[in-house]
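**Student:** Coordinates for the following, if possible.
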Amino acid sequence: MIINRREFLLLTTAFAAGCGSTENAGISSAGTERVVNAGPVGDYARDGVYSAFRNQGFFIIRQGGELFVLSSICTHRRCKLDAKADHSFYCPCHGSTFNPDGHVTHGPAHRDLPVLPAVANANGQLLVTVPVL
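**Tutor:** Reported below is the predicted structural model:
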């Protein structure tokens, strides 16, 4: 598997946080966070927003060869975001919008979407660390 610098940093950070010990887990808890097995990294080979895990708290984004994970929870009042066809995100509760990188483009939200730690385990599974709400 070939990864770019951003992927390496995300994967290394998540591994250092202790995600590496949950290689075969679907979901596991660690107090204030949980680890979700998002399946094979190869499932996210095409550019786009993968919203299958929206209800579990995150979107997987492949953009320009980079793979990263953004929270699917609005930073204004914690509503679940909708992914739009242009790869932006919209909050149906209060109208905040975010660009494909997670930056606020329209309020009332003032904070960008958090990038969540993710790591590929030895089996090529993408493990995402999600805060417990």
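
**Student:** CA atoms for contacts and neighbours, from now on please.
**Tutor:** Will do.

**Student:** Show me what secondary structure element comes after the lowest-mean-pLDDT helix or strand in the chain.
**Tutor:** Using mean pLDDT, DSSP states H and E, strand 27-29 stands out as the lowest-scoring helix or strand of the chain, at a mean of 45. Later in the chain than strand 27-29, the nearest helix or strand by DSSP states H and E is strand 33-40.

**Student:** Okay, now the sheet partners of the helix or strand that that next one is followed by, with direction.
**Tutor:** Once the chain leaves strand 33-40, the next helix or strand it forms, by DSSP H and E, is strand 48-50. Strand 48-50 sits in its sheet next to strand 58-63 (antiparallel), going by DSSP bridges.

**Student:** Give the rounded mean pLDDT of the strand it pairs with.
**Tutor:** Across strand 58-63, the average pLDDT comes to 94.

**Student:** and R62, what does it touch?
**Tutor:** 44-49, 68 (Cα atoms under 8 Å, 6 or more residues apart in numbering).

**Student:** Recalculate using a threshold of 6 Å.
**Tutor:** 47-48 (Cα atoms under 6 Å, 6 or more residues apart in numbering).
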